[in-house]
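In: okay, predicted coordinates and the sequence, questions at the end:
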Amino acid sequence: MPKLLIIDGSSMLSTSYYGNLPKSILFAKTEEEKEKYYEQILHTSDGKYTNAMFTMLRTLLGIYKKVKPEYVAFVFDKTRDTFRRTELGADFYKANRKETAKPLKEQFIQMEEFLQEIGCAVFMSDDYEADDYAASLVEKFEGPDLQTYVLTKDHDYFQVVSEYTRMWRVVNKDKLEQLKKDYGFFGSDVYESLPANVFEYTPEIVYAEEGVYPQQIPVLLAITGDPGDGIPGCKGVSSAAAPLVDEYKSLDEIYAAIDDCEGVAKKEKELNGFWKEYLGIGRSPLKALKTNREMVYLSEKLATMKRDIEISCGIEDLKLRVDIEKLKEELGRYEMFSLIKEVENL
């Protein structure tokens, strides 16, 4: 069966950047101190930074050798001022993140142009994030005649996992070994066929790890929040979130149960009793959920990937048709001569 591989380019490039930095920068305490050592970052003779690009391209070559997907799409973030800020009014969304370092910012532009130059499909815009494009691509193309995989390290992608779509999550060695131990029923041959440091998530494994199925992940994040993205959620309710979402499936149903109490103390006590006895919730989340209702609903909107971005291309437009000569030319332009040898040996 043909394979569609959707790659979170922003996640991969960022990971590649921080995984291939000089120790002088990694251990520097201030941004000013880090900037003093930028010249130590891998770069071309004319000063173009390449440490993240080199690592990502080497990773991609390894993935190609092992997986050989028929169709490939790259998704990138372009700005933090997407519809989540402009339309939903969530100015705080991702506001906790530091400004992207200059060497990485330049390599985002270089990498996106590099992929387009060699004939790869790249999706990004000012309005949507990489994960929105990934979800919309899944929505359009997944099905029984296509194996769809999404490669990323970000946990919010759990929501796209389905019968036809698997998440290939990049994890560290210890986490990978633990996951293999916990869910080793696939057999070692399956793990050996995956890219390095990647674990394949099915809907059942998402449920085992998160306590809810993929389609309820945005509801879960609406309550737990997501500190990495600055999604507030409902403070003090994180431990009760999974059993609540697993039981009620949606925020509307959770709040319907709360509203049925009509603010009557006796009814609320009965509801708390049900949650404690049947859902195993010790500390009642009732007051927090009532207080933070508006923010919880906004958090759900922030956590939900858009699945309806117009994707004008067809599946054949995602066919992996890399121009090898152009690839070698671009690698030479960035002075990645060792990778040219790898390409010649494919």
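Out: Ah, there it is.
In: let me see the ranges of the strands in this protein.
Out: 3-8, 71-75, 121-123, 147-152, 165-170, 198-201 (DSSP state E).
In: okay, those in TSV with mean neighbour count and mean pLDDT next?
Out: Heads up, the C-betas are built off the backbone N, CA and C, glycines and all. Below are the strands of the chain laid out as TSV (neighbours: other CB atoms under 10 Å; pLDDT from 0 to 100):
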stretch	mean neighbour count	mean pLDDT
strand 3-8	24	97
strand 71-75	24	98
strand 121-123	19	97
strand 147-152	24	97
strand 165-170	24	95
strand 198-201	21	92
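In: pipe those strands into TSV and attach distance to residue 98 per row.
Out: As requested, the strands of the chain are exported to TSV (distance: least, CB to CB, whole Å):
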stretch	distance to residue 98
strand 3-8	20
strand 71-75	22
strand 121-123	25
strand 147-152	21
strand 165-170	21
strand 198-201	27
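In: quick check: which of these is nearest to residue 319?
Out: In terms of CB to CB, the element of the strands of the chain nearest to residue 319 is strand 71-75, at 5.9 Å.
In: using CSV, list the CA coordinates for the closest one.
Out: This file holds the C-alpha atoms of strand 71-75, laid out as CSV (Å, rounded to 0.1, in the frame of the first residue of the first chain):
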residue,chain,number,x,y,z
TYR,A,71,4.1,10.8,-1.2
VAL,A,72,5.6,13.4,1.1
ALA,A,73,4.4,16.8,2.4
PHE,A,74,6.3,19.3,4.6
VAL,A,75,4.4,21.6,6.9
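In: how far does that strand sit from the chain's center?
Out: 14 Å (CA atoms, centre = their mean, to the nearest Å).
In: what residues does it touch?
Out: Residues outside strand 71-75 that contact it (CB atoms under 8 Å, 6 or more residues apart in numbering): 2-10, 112, 115, 120-124, 130-131, 133-134, 137, 141, 146, 315, 318-320.
In: the inter-axis angle of it versus strand 147-152?
Out: Relative orientation of strand 71-75 and strand 147-152, computed by axes from the mean of the first three to the mean of the last three CA atoms, to 10 degrees: 30 degrees.
In: and strand 71-75 with strand 3-8, angle?
Out: Orientation check (the same axes, to 10 degrees): strand 71-75 against strand 3-8 gives 10 degrees.
In: correct me, but residue 156 touches residue 231?
Out: No. Residue 156 is beyond contact range of residue 231, at 9.1 Å (criterion: CB atoms under 8 Å).
In: what about the nearest residue to residue 63 once chain neighbours are set aside, how many neighbours?
Out: Nearest residue to residue 63, sequence neighbours excluded (CB to CB, 6 or more residues apart in numbering): residue 195, at 4.7 Å. Residue 195: 19 surrounding residues under other CB atoms under 10 Å.
In: same check on residue 50?
Out: Neighbours around residue 50, by other CB under 10 Å: 21.
In: and residue 69, what is it in contact with?
Out: For residue 69, the contacting residues are 3-5, 149, 320, by CB under 8 Å, 6+ apart.
In: re earlier: could you check which of residue 156 and residue 231 is surrounded by more residues?
Out: With neighbours defined as other CB under 10 Å, residue 156 and residue 231 compare such that residue 231 has more, 24 against 20.
In: check the gap between that one and residue 250 for me.
Out: For residue 231, the distance to residue 250 (CB to CB, to the nearest Å) stands at 18 Å.
In: same deal with residue 45?
Out: 57 Å.
In: what of residue 124?
Out: Applying CB to CB, the value for residue 124 to residue 250 is 31 Å.
In: can you report how many residues neighbour residue 39?
Out: By other CB under 10 Å, 9 other residues sit near residue 39.
In: also residue 315?
Out: Neighbour tally, residue 315, other CB under 10 Å: 17.
In: pretty sure it contacts residue 141?
Out: Yes. Residue 315 is in contact with residue 141 according to CB under 8 Å; the separation is 5.6 Å.
In: which neighbours do those two share?
Out: Contacts common to residue 315 and residue 141, judged by CB under 8 Å, 6+ apart, are 4, 71.
In: what residues are up against residue 194?
Out: 66, 168, 200.
In: which one of the residues you listed is nearest residue 102?
Out: residue 168 (30.4 Å).
In: which regions of the stretch 201-346 of the chain sit below the pLDDT cut-off?
Out: Scanning the stretch 201-346 of the chain for pLDDT under 70 picks out no residues.
In: how about the residue positioned nearest the centre of the chain, nearest residue that isn't a chain neighbour?
Out: Taking CA atoms, centre = their mean as the criterion, residue 154 is the residue nearest the geometric centre of the chain, at 3.2 Å. Excluding its sequence neighbours, the residue lying closest to residue 154 (CB to CB, 6+ apart) is residue 11, at 5.7 Å.
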